[in-house]
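> Here is the input, now give the coordinates:
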Amino acid sequence: MTVIYKSNIVEDFHGTKVADPYRWLEDPNCEEAKQWTQEIKEKCDAYFQDTISREEDKARLTELWNYPKYFVPKRVKNRLFYLKNDGLQNQAVLYKKEGEKESILIDPNLLSDDGTVAMTNYSISGDGRYIAYSTSIHGSDWQEIFVRDIDSGKDLDDLIKWARFTPIAWAPDHSGFFYSRFPEPGTVNEEDQGNFNKVYFHKLGTSQDQDQLIYEHPNKELMFAPFITHDDQYICLVVRHGTAAQNRFYLKKLDSAGEFIHLLDEQDGEYTYIHNKGSLFYFKTNLHAPRGRIIAVDIENPSRDHWKEIVCEQEDTMHAIEFINGQFVIAFLHDAHHQIHLYKEDGSHHKEIIIPLMGSMTELYGKHNETEMFFGMTSFLSPTVVYQYDFITDKLQVFAQSELKVDTSQFATEQVFYSSKDGTKVPMFVTKKKDLPLNGENPVILYGYGGFNVSLTPSFNPAILRWLEKGGIYAVANLRGGSEYGEEWHTAGMLENKQNVFDDFISAGEFLIENNYTNKNKLSIMGGSNGGLLVAACMVQRPDLFGAVICRVPVIDMLRYHKFTIGRFWISEYGCAENAEQFQFLYKYSPLHNIKEGEKYPPVLIATAESDDRVVPAHAKKFAATLLEKAHKDTTIILRLEAKAGHGLGKPTSKLIEEWVDFYAFLEKELI
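Residues are numbered from 1 along each chain as shown. Presented below is the predicted three-dimensional model:
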């Protein structure tokens, strides 16, 4: 492929001159970028034309995906509401169930012909009369909120625009709901479109321009998530600055005309509301407890010397907590899988709920005054099983469970521990056929993320079953940067410590080779978003170690990432090149800036999407262009640019299958 041109842009970062010859690819509408993109698409199409097993893989993946998928239900006024996908539906359907009668409430598959409009959130009014639900088009993070009358099944005229990541908090009188949104386009400069987040109240039956402003803050970069307390007495705001793990917490009485109380305003830790008894508020926090603890704060006497510790920090990380039936239900992370324990209101341990399935809790739902709860559990070999637990009888039973069209008993998952470069012990899940010989000849997909406090606990992906059937091994490394072992594990993989994440991942690959799972020619690595940064950095740092790289919707340009869409929200995680000290470590590992002239890199498939408004496609395009220019001529570089798709939010089943067909075609061609 012929490079159209290289610009002569050179930027001075604190005395270091950095060239940016492909900055023109940041503008998808310039003619050169359009021409380049068209050529790269043609190259991608040509690459996949001669792959052997595409039709066979597509047929089998379609079979494997075709099983019912269940989600955790919510009970409102003696009716259950839950999502379910019959198998190959592009989007899960929302059902309501009263007694034994089940009916469809919202079918997002009817919102578009190709399934690229997704329902991303829903909230039911306390009287069970209305549901407010948000939709996203083509995977965009921007969402619109609609309201439907549950009994008639018809939408009202209400429409909320310019929302992003907001919860929907119904008022106790069910007259409307609280939400947060960004400015209407055109009312602020384009660079501020993701700033000035404000909280509003929408009254049913009125237009959005009549919505009441509830709260705004002089700091334009703060974002707000409103909710109503369990006792319907307070409106609360979870206040965040970007993606920082630390947050603030504001509140006021719903019937008060006064200002919000800035209860927790230091942003010195994570504070997650659990429940309250009058003025006594219970929070999960990692302040002075990296693995979490429960504290009680009396908002009428909130000074820190009056805070009371209810449940102290444990050896395992507190991941999720709900207050149900007068008890704290705590999901702990034990070596990257979940265990559920009950604690009494005074903080004393009551019991562990023994779960038949070892894996990850997908969701936990119950109310403080109810005697039942629902939760989902999944693993690498089991789709979500929804359990129902009765607090009175201490009975745990299956509420919903899928039947797969494959015998998963032929496979097994083991957890291994390996040493990273600095000696840190890192866990990794390895899933394969039980009788697969460890002869060093097995193809491997090694998956990782390592950032933003995200834990990679066991999860089910039907596409991986196809890989296992073909004799492959699937390994997931629990790298630093996640929250598997609390906030200390997270901070050990962020900012100036980011290299630890890459070292952890490289060490995982070396472990798999040294222990005869595979060899370097059959070891592939995969990651998306921050995980795309991970695999790109590891590929650039250790091109000799990997047989193939699948780099999905990646963050690549670490000197300019904060200039696109919501990239500035990640500064707390990555740092910013405008800071002289932070520039040094960003420049040192930034994949875009560390590609070596003439280096033979492993084959790389860079997958991005045209509508990605979280990590813009420019990252992937500039990475591909630089590799095409600098890498050894025998390096395989494929850029897969997907239409009508975003960062991954609400991606339809049909697109997921097509994507994995290409992934397997790539690995079949490139792993020796």
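> Are we agreed that residue 385 is in a helix?
No: secondary structure of residue 385 (DSSP: H, G, I helix; E, B strand; the rest coil): strand, not part of a helix.
> thought it was touching residue 403?
No: under the criterion of Cβ atoms under 8 Å, residue 385 is not in contact with residue 403, lying 11.3 Å apart. The C-beta positions use only the backbone N, C-alpha and C, and glycine is treated the same way.
> So those two - more neighbours on which side?
residue 385 (22 against 7; other Cβ atoms under 10 Å).
> Report the beta-bridge partners for that one.
residue 377 (DSSP bridges).
> try the one 4 residues further on
Per DSSP bridges, residues listed as beta-bridge partners of residue 389: residue 373, residue 396.
> Let me see the contact set for it.
By Cβ atoms under 8 Å, 6 or more residues apart in numbering, the contact list for residue 389 reads 353, 372-375, 395-396.
> This protein: helices as residue ranges?
Assigned by DSSP state H, the helices in the chain fall at 31-49, 54-65, 462-469, 487-491, 498-514, 530-541, 571-574, 580-589, 618-630, 653-670.
> What's the local residue count around the residue lying closest to residue 12 once chain neighbours are set aside?
The shortest distance from residue 12 to any non-neighbouring residue, by Cβ to Cβ, 6 or more residues apart in numbering, is to residue 18 (7.8 Å). Residue 18: 17 surrounding residues under other Cβ under 10 Å.
> Isn't residue 18 up against residue 558?
No: counting by Cβ under 8 Å, residue 18 does not reach residue 558; the two are 11.0 Å apart.
> For the two, list the residues in contact with both.
With Cβ under 8 Å, 6+ apart as the test, residue 18 and residue 558 both reach 587, 593.
> just to revisit the earlier point, indicate which one of the helices of the chain is closest to residue 180.
Residue 180 lies closest, by Cβ to Cβ, to one member of the helices of the chain: helix 571-574, at 19.6 Å.
> Contacts for the closest one next, please.
Here helix 571-574 has contacts from 241-244, 451-452, 494-495, 498, 558, 561-562, 586, using Cβ under 8 Å, 6+ apart.
> Just give me the residue right at the centre of the protein.
The residue lying closest to the centre of the chain (Cα atoms, centre = their mean) is residue 454, at 7.5 Å.
> mind pulling up the phi and psi values for that one?
phi -90, psi 130 (degrees, to the nearest 10).
> okay but it is in contact with residue 479, surely?
No: Residue 454 is not in contact with residue 479 according to Cβ under 8 Å; the separation is 10.0 Å.
> Not counting its neighbours along the chain, what's nearest residue 507?
Computed as Cβ to Cβ, 6+ apart, the closest residue to residue 507 that is not its neighbour in sequence is residue 420, at 4.5 Å.
> Could I get the contacting residues of that neighbour?
With contact taken as Cβ under 8 Å, 6+ apart, residue 420 is in contact with 426, 480, 500, 503-504, 507.
> Give me the buried entries from the residues you listed.
By the neighbour-count criterion of 16 or more other Cβ atoms under 10 Å, these include these buried positions: 426, 480, 500, 503-504, 507.
> among these, which two are most distant?
By the measure Cβ to Cβ, 480 and 507 form the most distant pair in these, at 11.1 Å.
> quick one on the thing from earlier: list just the nearest of the contacts of residue 420 to residue 193.
Distances from residue 193 to the contacts of residue 420, taken by Cβ to Cβ, are shortest for residue 480, at 33.5 Å.
> Can you tell me how far the closest one is from residue 522?
Distance, residue 480 to residue 522, by Cβ to Cβ, to the nearest Å: 26 Å.
> ditto for residue 500
Taking Cβ to Cβ, one finds residue 500 at 26 Å from residue 522.
> Low-confidence regions, the chain specifically.
1-4 (pLDDT under 70).
> got the domain boundaries for it?
Per automatic domain parsing, the structural domains of the chain span 10-62+406-670, 69-219.
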